[in-house]
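Student: Have a look; sequence and predicted model below, questions after that.
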Amino acid sequence: MTTIDYAITITDGVRTETLTSSPFQIIKYLPNPPTSIDSISDEATVTESIELELTDGSTMDNNIEVNYIEQLFNQAQNVNGKQGQGDPTLAKVYITMKNSASGTVYRSEIMSGYVDRDEETLRTGYWDGDVQHVIVYITRRYYWETNSEVQLELDNHLEVDNITGLTIYNPTIIYTADTISFDTSDDSINDTANGLAVFQLTDVIQVFGSTSNDGEYNVDGSTASKIRTIENLTTEIAGDVVTIVGLNCNYVSISADQAGTVVDAPVRLEITNAQGASISYEDIHIGMTHMPDIANFTFFFEGEDATDGSGVDSSTTTESIACSGGYYNALVWSGDTEKELCTWTMTAAMLAAARGSDFLGIIRLQAGTINTTLQLRLSIKLSTTTIWQGQLVTAAASKYMQELGIIQLPPSLWALTAPKALTLALSAKQTGGGTINLDFLHFMPVANYRNLKQLNYAVANGEGIHVDDMRKPEITYGVDGSANQYQTWIPRGSRLMLSNTVAQRIFILFDEQDNTQNINRKSTVKAYWRPRRLTL
């Protein structure tokens, strides 16, 4: 038999039929790409043929080899369901291909197939030497993917190239300890517990709880035990319970050089509770963006940075270690009609980066009374003219994280790169007016988006939430400390898909079953995928 440097198999992971070694010899095979991928769905398939010679020494043995392949094809049909629901107890069947001995193995899931005899099979010449010629027909997924999962290196404000589990917050970096002291000689904040490494050069931090050093500072350098500040500090010994609030960090980034895929490929996320205590999640929002100019887009608008709207009676910036940025904005209005409470500027650079992408507007309220008589709305203005208005959304009672609907930025303008700056406005309506304590507004990407609704369950420290969009059908499940899997999640939304050669970012934000949205909750994240190809 001719020696070749590639390998093709049909396998379910237990039984493997290698078509490039005895008793098989491939005469002809050309993997078919789909005719068009412009509007192709992830479920699309291609059908192709493989011409084989069987040389197992006898007609009977050749037929046995054919039967093995046919059994695998029958299994593939049963996995996917001949008439509806498939059989989850069966292993999926794949055709695999490797172009060289040291090359990457790619696979494509087989949906169905059959083996046909060549029309010349019964001619006398084809039986000489017990060699038979057959044609194998395969219907498979339209793409090839790596046979093994590939772990992605993740970056964020805290660390780069992480594969051990990158720490994120919900959404703000925060540290509290009674081991923190202050030194005026070098304008440093010091911690004998070595918890300061999360604050980085050029960060803006807020200090709370000290005797003499509460306030805002710019970080001029940091280690685990020391932060130097640009501003002057007053010497103070440790003992007070001091809280330092830093930047928002509820995301992981994937660098463009890792996204080597031809067509979009789904990811699997492992989100692990790293808080040190159980968390009873309620809603987890997971949004993934592929914007190439992501550095210019503003995902967070702090309440304390807002400008008073035309309908607000008063606004008061209030310190709170429970809030992003260390503050919330108490907005007061009166009357029964809808009132504009506050506004933020969306710069031209920000809107150019968005290029018409869709986002879910989520606001976080801090404390106070929230009931279903409150209605909220996002609007966009060009100067003083309202050019887009969202729905008037009725607040969920006592829930501090409120969803305000989908917003396109800039409105009705797709792929434009030179938009004009606009104003984002938040308005409210409630009989007799009221007060809301606004912490922040977060734009959550929704082109690739998952919302996980948890049933009544507490996830222990160290337990994981796995969002596996690589599976078909995709599933979300919990994993306990003994690696046991369980289901307490109701997933909604679209699959998280990695795109080709562009930097990507995944945001995660959640609230809890007591209706709070605690900013200091810590998690770690790992991500995996299988890059895809159309041809090999």
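Tutor: Okay, I see it.

Student: Let's test this: name the helix or strand in the protein with the lowest mean pLDDT.
Tutor: Least confident helix or strand, the chain: helix 124-127 with a mean of 52, by mean pLDDT, DSSP states H and E.

Student: Mind listing the strands the helix or strand just after that one pairs with, and their directions?
Tutor: The helix or strand immediately downstream of helix 124-127 is strand 132-141, counting by DSSP states H and E. If you go by DSSP bridges, strand 132-141 pairs up with strand 45-54 (antiparallel), strand 106-117 (antiparallel).

Student: Given the helix or strand following strand 132-141, what are its sheet partners and their directions?
Tutor: Counting by DSSP H and E, the next helix or strand C-terminal to strand 132-141 is strand 144-146. Strand 144-146 has the following strand partners under DSSP bridges: strand 106-117 (antiparallel), strand 532-533 (antiparallel).

Student: how much distance is there from the shortest one to the middle of the chain?
Tutor: If you compare the mean C-alpha spot of strand 532-533 with that of the full chain, they lie 20 Å apart, counting by CA atoms, centre = their mean, to the nearest Å.

Student: Low-confidence stretches in this structure?
Tutor: Residue ranges of the chain with pLDDT under 70: 1-5, 36-39, 82-85, 118-129.

Student: chain center to the helix ranked longest in it, what's the gap?
Tutor: Longest helix of the chain, by residue count under DSSP state H: helix 59-80. Between the centre of helix 59-80 and the centre of its host chain there is 39 Å, according to CA atoms, centre = their mean.

Student: For it, name the packing helices and strands.
Tutor: strand 7-11, strand 16-18, strand 45-54, strand 106-117, strand 132-141 (3 or more CB pairs under 8 Å, 6 or more residues apart in numbering; DSSP states H and E). The C-beta positions use only the backbone N, C-alpha and C, and glycine is treated the same way.

Student: try 10 Å
Tutor: Applying 3 or more CB pairs under 10 Å, 6 or more residues apart in numbering; DSSP states H and E, one finds that helix 59-80 contacts strand 7-11, strand 16-18, strand 24-29, strand 45-54, strand 94-98, strand 106-117, strand 132-141.

Student: Make JSON lines from those and add distance to residue 437 to it.
Tutor: Formatted as JSON lines, the helices and strands packed on helix 59-80 follow (distance: least, CB to CB, whole Å):
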{"stretch": "strand 7-11", "distance to residue 437": "59"}
{"stretch": "strand 16-18", "distance to residue 437": "62"}
{"stretch": "strand 24-29", "distance to residue 437": "66"}
{"stretch": "strand 45-54", "distance to residue 437": "53"}
{"stretch": "strand 94-98", "distance to residue 437": "54"}
{"stretch": "strand 106-117", "distance to residue 437": "51"}
{"stretch": "strand 132-141", "distance to residue 437": "50"}
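
Student: before we move on, back to that, relative to residue 186, which of the strands paired with strand 132-141 is closest?
Tutor: Nearest of the strands paired with strand 132-141 to residue 186, taken as CB to CB: strand 106-117 at 56.7 Å.

Student: one step back: between the strands paired with strand 144-146, which one is closest to residue 194.
Tutor: strand 532-533 (43.3 Å).

Student: neighbours of residue 74, just the number please.
Tutor: Residue 74: 16 surrounding residues under other CB atoms under 10 Å.

Student: Can you name the residues that contact it?
Tutor: Residues in contact with residue 74 (CB atoms under 10 Å, 6 or more residues apart in numbering) are 82, 90, 93, 112-114.

Student: Name only those of those residues that count as buried.
Tutor: Using 16 or more other CB atoms under 10 Å as the burial test, those include 93, 112-113 as buried.

Student: Is residue 340 in contact with residue 381, as I believe?
Tutor: Yes - using CB atoms under 10 Å, residue 340 is in contact with residue 381, at 9.3 Å.

Student: Give me the common contacts of the two.
Tutor: Residues touching both residue 340 and residue 381 by CB under 10 Å, 6+ apart: residue 425.

Student: can I assume residue 497 is in contact with residue 450?
Tutor: No - applying CB under 10 Å as the test, residue 497 and residue 450 come out as separate, 11.2 Å apart.

Student: For the buried ones among the contacts of residue 74, give me JSON lines that also has distance to residue 301.
Tutor: Converted to JSON lines, the buried ones among the contacts of residue 74 look like this (distance: CB to CB, whole Å):
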{"residue": "93", "distance to residue 301": "50"}
{"residue": "112", "distance to residue 301": "52"}
{"residue": "113", "distance to residue 301": "54"}
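
Student: Can you tell me how far residue 385 is from residue 424?
Tutor: 14 Å (CB to CB, to the nearest Å).

Student: which of those two has more neighbours?
Tutor: residue 424 (22 against 8).

Student: any idea which of the helices and strands packed on helix 59-80 is most buried?
Tutor: With neighbours defined by mean count of other CB atoms under 10 Å, none of these is more surrounded on average than strand 94-98, at a mean of 22.

Student: if we can go back for a sec, residue 497 and residue 450: which has the busier surroundings?
Tutor: residue 450 (24 against 19).

Student: The more buried one against residue 467, yeah?
Tutor: Yes - counting by CB under 10 Å, residue 450 touches residue 467, with 5.9 Å between them.

Student: Need the overlap of contacts for the two.
Tutor: Common neighbours of residue 450 and residue 467, counting by CB under 10 Å, 6+ apart, are 269, 284, 286, 474, 476, 489, 491, 495-496, 506, 508.

Student: Among the residues you listed, pick out the one closest to residue 419, please.
Tutor: Taking the shared contacts of residue 450 and residue 467 together and measuring to residue 419 by CB to CB, the closest member is residue 506, at 25.5 Å.

Student: what are the bridge partners for that closest one, then?
Tutor: Assigned bridge partners for residue 506, using DSSP bridges, are residue 252, residue 288.

Student: again, but for residue 18
Tutor: Applying DSSP bridges to residue 18 gives these bridge partners: residue 9.

Student: Sweet, I'm off.
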